[in-house]
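Trainee: with the sequence up front, the predicted model follows.
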Amino acid sequence: MWKTRRTYKYRLWPNRKQRERLGETLEVCRELYNDALQERRDAWKTCRLSVSFNMQSAQLPGCKTVCPGLDSVYSQVLQDVLHRVDKTYKAFFHRGRGFPRCKGKGWFDSFTYPQLGFSLQGNRLALSKIGNVKINLHRPVLGEIKTLTLKQENDKWYACFSCMVDTEPLPANDALVGIDVGLESFAVTSDGEIIDNPRWFRQAQAKLRRKQRHVSRCKKRSHGWRKACRQVALLHKRVFHQRHDFQHKLSREIVNAKGMIAVEDLNIQGLAKSKLAKSVHDAAWSAFIRKLAYKAESAGRWLVKVDPRGTSQQCPCGALVPKKLWQRDHTCTACGLETTRDHASALEILRRGLCLVSATPAIGGRACRSPWL
């Protein structure tokens, strides 16, 4: 038994005054973020001085006397904004690109209570400096609550509780499966099961095209333009929910049924830059594998990522079977295996996963990555 981090998201129903207070808090946090970012830029440009989180946090009490608006926001919320600036800077120096930019109006949509300042009281969420907001607790909050993030999405407010939850390992299962993801079908398993690709974005594309044309005809920043933009955002959100509902159900079904799951360690960012970018983004393989990973870890299952090179060019018996991309059948002259290209790839992924599991230990429910076997 071990603990894992899990986030529970609930819809908030604030009244008019509470919506105004939430919006004001969001605006104060945005301005503080921009000011803290600008201070770091100016200090480096003029004095070649690196400003740390501790230096900026020590200035907050003095800033409250100069800017009364800061006093209307809970102190730890303001400190968390400075933590965001610090994390953004560290991430920039780690990756070497993407310098932090100031947030314009509408581009800062959440703030966090990192430790205190909130409590659940029945169907109400008590928030410091805001009030008791009605919350739709459609499922219980499990585990120890660590942080609370309030997020605005399409003029709707949500509460996200980040909790440390005890894992619940499933009974031992010796079933094995290799999964080959694709575009023609979403996935093909080594058991021969073909999972159709729902193509949610493609289905909504015609409706989305009409709504985006309506946006382009409206005068920018007008009331009609903002309303049309909200309609586009709602349609994108609907596609997002459809895709993730499908992936959550599929990943749960696989984890419950299989004891060891082998998948390819694909370079999805590289594939998303190709001419098939729209289809790759619509399939969202990366999100699906992440869901498999955390569900497998919580259930005590194995998730093995194997090297994807040559999985479609090699037979599970080990013989090379070169194929062009348009060739969708697999015929091996060495062992006589005749099946589809994707099914043969899933069998090869499973074989590599079994070799990897037998050679390396599991770390957090996931085996180390293997060389091309």
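Mentor: Thanks, I have it.

Trainee: okay, now the nearest residue to residue 182 once chain neighbours are set aside: neighbour count?
Mentor: Of all residues not flanking residue 182 in the chain, residue 342 sits nearest, at 5.9 Å (C-beta to C-beta, 6 or more residues apart in numbering). Glycine gets a C-beta too; all of them are placed from N, C-alpha and C. Neighbour count for residue 342, taken as other C-beta atoms under 10 Å: 21.

Trainee: number the residues from 41 up from this point.
Mentor: Shifting the count to begin at 41 puts that one at residue 382.

Trainee: could you list the domains of this protein?
Mentor: 43-206, 216-241+280-407 (automatic domain parsing).

Trainee: so which of those is nearest residue 268?
Mentor: domain 43-206 (13.0 Å; C-beta to C-beta).

Trainee: quick one: pLDDT of the residue nearest to residue 222?
Mentor: pLDDT for residue 382: 91.

Trainee: in the helix or strand containing it, what counts as buried?
Mentor: Element membership of residue 382 [criterion: DSSP states H and E] is helix 381-399. Along helix 381-399, these residues count as buried under the neighbour rule (16 or more other C-beta atoms under 10 Å): 381-394, 396-397.

Trainee: likewise for stretch 287-295?
Mentor: Of the residues in stretch 287-295, 287, 290-291, 294-295 count as buried by neighbour count, 16+ other C-beta under 10 Å.

Trainee: what sits against residue 46?
Mentor: In this structure, residue 46 makes contact with 182-183, 202-205, judged by C-beta atoms under 8 Å, 6 or more residues apart in numbering.

Trainee: now do 6 Å
Mentor: Residue 46 is in contact with 203, 205, counting by C-beta atoms under 6 Å, 6 or more residues apart in numbering.

Trainee: likewise the one 4 residues further on?
Mentor: With contact set as C-beta under 6 Å, 6+ apart, residue 50 has these partners: 175-176, 199.

Trainee: of those - the most surrounded one?
Mentor: Neighbour counts for these, by other C-beta under 10 Å, peak at residue 199, which reaches 23 neighbours.

Trainee: which SSE is it in?
Mentor: Assigned by DSSP H and E, residue 199 belongs to strand 196-206.

Trainee: give me the spatial nearest neighbour of residue 331, chain neighbours excluded.
Mentor: Once flanking residues are discounted, residue 331 sits nearest to residue 291: 4.2 Å by C-beta to C-beta, 6+ apart.

Trainee: just the helices from the stretch 191-340 of the chain, written as ranges.
Mentor: In the stretch 191-340 of the chain, the segments counted as helices under DSSP state H, counting those that start in this stretch are 240-257, 263-297, 308-311, 317-323, 325-339.

Trainee: export those to JSON lines and tack on distance to residue 114 and mean pLDDT?
Mentor: JSON lines is the format used below for those (distance: least, C-beta to C-beta, whole Å; pLDDT from 0 to 100):
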{"stretch": "helix 240-257", "distance to residue 114": "37", "mean pLDDT": "95"}
{"stretch": "helix 263-297", "distance to residue 114": "29", "mean pLDDT": "95"}
{"stretch": "helix 308-311", "distance to residue 114": "38", "mean pLDDT": "88"}
{"stretch": "helix 317-323", "distance to residue 114": "38", "mean pLDDT": "93"}
{"stretch": "helix 325-339", "distance to residue 114": "30", "mean pLDDT": "93"}
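
Trainee: which of these is buried the deepest?
Mentor: Of all the helices of the stretch 191-340 of the chain, helix 325-339 has the most neighbours on average by mean count of other C-beta atoms under 10 Å, namely a mean of 20.
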